[in-house]
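S.K.: fold the stuff below for me.
(chains A and B)
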2 protein chains.
Amino acid sequence: MTGSLVIVGTGPGKPELMTPATRAALAQATDLVGYGPYLDRVIPMRDGQVRHASDNRVELDRARHALALAASGRTVAVVSGGDPGVFAMAAAVFEAVEAGDPAWQELDIRVEPGVTAMLAAAAEVGAPLGGDFCAISLSDNLKSWATIERRLTAAAEADFVIALYNPASKARPHQLGEAFALLRQAKGPETLVLLVRAAGTGEARVLSTTLGQVDATQADMRTLVIVGASTTRRVGRWVYTPRGIRP
Amino acid sequence: MTGSLVIVGTGPGKPELMTPATRAALAQATDLVGYGPYLDRVIPMRDGQVRHASDNRVELDRARHALALAASGRTVAVVSGGDPGVFAMAAAVFEAVEAGDPAWQELDIRVEPGVTAMLAAAAEVGAPLGGDFCAISLSDNLKSWATIERRLTAAAEADFVIALYNPASKARPHQLGEAFALLRQAKGPETLVLLVRAAGTGEARVLSTTLGQVDATQADMRTLVIVGASTTRRVGRWVYTPRGIRP
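M.R.: Numbering: from 1, shown residues only, chains lettered A, B, ... in the order given. Predicted structure coming up:
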């Protein structure tokens, strides 16, 4: 008797932004494993379904626990917010597979895609991701700040629209300001910046400003930051990036 | 009497990957405007709903048509595949708003996020977008090839995972090969490459190879290409990028 493991994302928050495929996977699971607030988004759907809630900082432990449950024959869903493959649980599960029991490589593991935060944030304001873009997590728990600076510099050189995930936390109050300073130097103070809080929850709050004016303390862990390309601009109440660049 | 315009994405193809919010917006529309194959994904949902199908190459005309319909009082949905804000119709609509009738800036326009192709492609193979990443359209209809080369070079410098949209078409048979050659030079021949065709449709085909081995002619317009970061690797049947980089 073999179990299975599916890694899903609940989307940005509103139930209407969770895909039916994810809803079905959650309904089939005997065990849900995830960070408490994401599990709370799952309406109880199956009698006897077991919820294994954990703290946000122990992704690898949570992944190992989920794999062990699946190996014991359970039908397990690992629950992230957003899309599970973008700064979320899917990579942690495969890290745990790589470092863990070789039998885990034979498990039935699949990933269900979802609506990640930058897409929800972009939709709140128009189409700021309309051109080429990049996504960078500002958390330096798992990589050095020097790596993050190198990536911000290259992103400015490419003139990408830049989506910043995990822009700030109590443990890292100064990094977003440093990132803005670096980008202001490289891209100029008129570059548009969007701070989109609680995107896709039904309670979004948008602050539209520039690299010259932005106050980094207005972002928190629920904020997705979008720094425009040189072509990103306002039209009416919206912000968008044109698809092309005139030669 | 004022109309409205919502820009939606049907997701990668499987109905279970279209969000309920998008489904509801489609059900409410009196008029659907979009590229024929995307409209075909919409199950008829409302009596008297009018479908305005058009060719794929006339995004701006389609956007203007949709805005004129909304201004005339219709409830219009502009239908893209994937997420409408990523290399799709949302930016074209705002371009048309900017260049068009000033009254269009007063219209009720909103965007519904969706599951974009790179997320569906990543989910088919594991978690290749597990680290920082970028998305580049290889189409040079609207920007110069020099711009694309500059962005590929910067993306290699940043060690981003790189998602390539619109990798090839009959009109542009050689560009993907040129992009691979540039990236091979910058990142080395062992770098993993994934060609994921028809991701998220239920009929996906994955080719997992390297920059040294890849054959660009195996990609077409239905293929999403993912070029790994230096840390992207295989584990069992999957490919993933670890969340961090050890210092």
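S.K.: could you use CA atoms for every contact and neighbour count after this?
M.R.: OK.
S.K.: distance-wise, check whichever residue of chain A sits closest to chain B relative to A:A63.
M.R.: Closest contact between chain A and chain B, by CA to the nearest CA, is at A:C134 (3.8 Å). A:C134 sits 27 Å away from A:A63, going by CA to CA, to the nearest Å.
S.K.: what sits against the closest residue to A:E106 other than its chain neighbours?
M.R.: Nearest residue to A:E106, sequence neighbours excluded (CA to CA, 6 or more residues apart in numbering or on different chains): B:G236, at 7.6 Å. By CA atoms under 8 Å, 6 or more residues apart in numbering or on different chains, B:G236 lies in contact with A:E98, A:Q105, A:E106.
S.K.: counting by contacts, list what the one helix or strand in chain A whose mean pLDDT sits lowest packs against.
M.R.: Every helix and strand of chain A was ranked by mean pLDDT, DSSP states H and E. The lowest is helix A:36-39, at a mean of 84. If contacts are counted by 3 or more CA pairs under 8 Å, 6 or more residues apart in numbering or on different chains; DSSP states H and E, helix A:36-39 sits against strand A:50-54, strand A:75-80.
S.K.: could these be laid out in CSV, adding mean neighbour count, mean pLDDT and distance to B:I43?
M.R.: CSV is the format used below for the helices and strands packed on helix A:36-39 (neighbours: other CA atoms under 10 Å in any protein chain shown; pLDDT from 0 to 100; distance: least, CA to CA, whole Å):
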stretch, mean neighbour count, mean pLDDT, distance to B:I43
strand A:50-54, 16, 89, 36
strand A:75-80, 27, 96, 30
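S.K.: tell me how chain A divides into domains.
M.R.: Per automatic domain parsing, the structural domains of chain A span A:4-115, A:118-240.
S.K.: quick one: the helices in chain A?
M.R.: For chain A, applying DSSP state H gives helices covering A:20-28, A:36-39, A:59-71, A:89-99, A:117-125, A:145-158, A:175-187.
S.K.: the residue of chain A closest to chain B and B:F133 touch, don't they?
M.R.: Yes: checked against CA atoms under 8 Å, the pair A:C134 and B:F133 is within contact range at 5.6 Å.
S.K.: the closest residue to A:G36 other than its chain neighbours bridge partners, please.
M.R.: In this structure, A:G36 finds its nearest non-sequential neighbour in A:A53, 4.8 Å apart by CA to CA, 6+ apart. Taking DSSP bridges as the rule, A:A53 bridges to A:G34.
S.K.: got a list of what A:A53 touches?
M.R.: By CA under 8 Å, 6+ apart, the residues touching A:A53 are A:V33, A:G34, A:Y35, A:G36, A:L39.
S.K.: before we move on, back to that, which of the helices of chain A sits most buried?
M.R.: Among the helices of chain A, helix A:117-125 has the highest mean neighbour count (mean count of other CA atoms under 10 Å in any protein chain shown), at a mean of 27.
S.K.: and it, what does it pack onto?
M.R.: strand A:192-197, strand A:223-227, strand A:238-240, strand B:108-111.
S.K.: can you tell me what sits against the last one?
M.R.: If you take CA under 8 Å, 6+ apart as the criterion, strand B:108-111 is touched by A:A123, A:E124, A:G126, B:G3, B:S4, B:L5, B:V6, B:I7, B:V8, B:P84, B:G85, B:A90.
S.K.: most surrounded residue in these?
M.R.: Most neighbours among the contacts of strand B:108-111, by other CA atoms under 10 Å in any protein chain shown: B:A90, with 35 neighbours.
S.K.: could I get the helices and strands packed on helix A:117-125 as a markdown table with mean pLDDT?
M.R.: Formatted as a markdown table, the helices and strands packed on helix A:117-125 follow (pLDDT from 0 to 100):
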| stretch | mean pLDDT |
| --- | --- |
| strand A:192-197 | 98 |
| strand A:223-227 | 98 |
| strand A:238-240 | 98 |
| strand B:108-111 | 98 |
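S.K.: which one of these lies nearest to A:T19?
M.R.: strand B:108-111 (16.8 Å; CA to CA).
S.K.: direction included, what does the closest one pair up with?
M.R.: strand B:4-9 (parallel).
S.K.: so the strand it pairs with versus helix B:89-99, what angle?
M.R.: Here strand B:4-9 runs at an angle of 150 degrees relative to helix B:89-99 (axes from the mean of the first three to the mean of the last three CA atoms, to 10 degrees).
S.K.: what angle separates strand B:4-9 from helix A:117-125?
M.R.: Orientation check (the same axes, to 10 degrees): strand B:4-9 against helix A:117-125 gives 170 degrees.
S.K.: so what touches strand B:4-9?
M.R.: B:18, B:22, B:25, B:66-67, B:70-71, B:73-84, B:89-90, B:107-115.
S.K.: average pLDDT across it?
M.R.: Here strand B:4-9 scores 98 as its mean pLDDT.
S.K.: tally of neighbours for A:E190?
M.R.: Neighbourhood size, A:E190 [other CA under 10 Å]: 14.
S.K.: my read: it touches A:V227, true?
M.R.: No: with contact defined as CA under 8 Å, A:E190 does not count as touching A:V227 (10.8 Å).
S.K.: got any residues that touch both of the two?
M.R.: The contact sets of A:E190 and A:V227 overlap at A:L211 (CA under 8 Å, 6+ apart).
S.K.: what about chain A, any weak spots by pLDDT?
M.R.: Counting by pLDDT under 70, chain A contains low-confidence ranges at A:1, A:56, A:246-247.
S.K.: any idea how far A:P128 is from B:D83?
M.R.: Distance of A:P128 to B:D83, computed by CA to CA: 13 Å.
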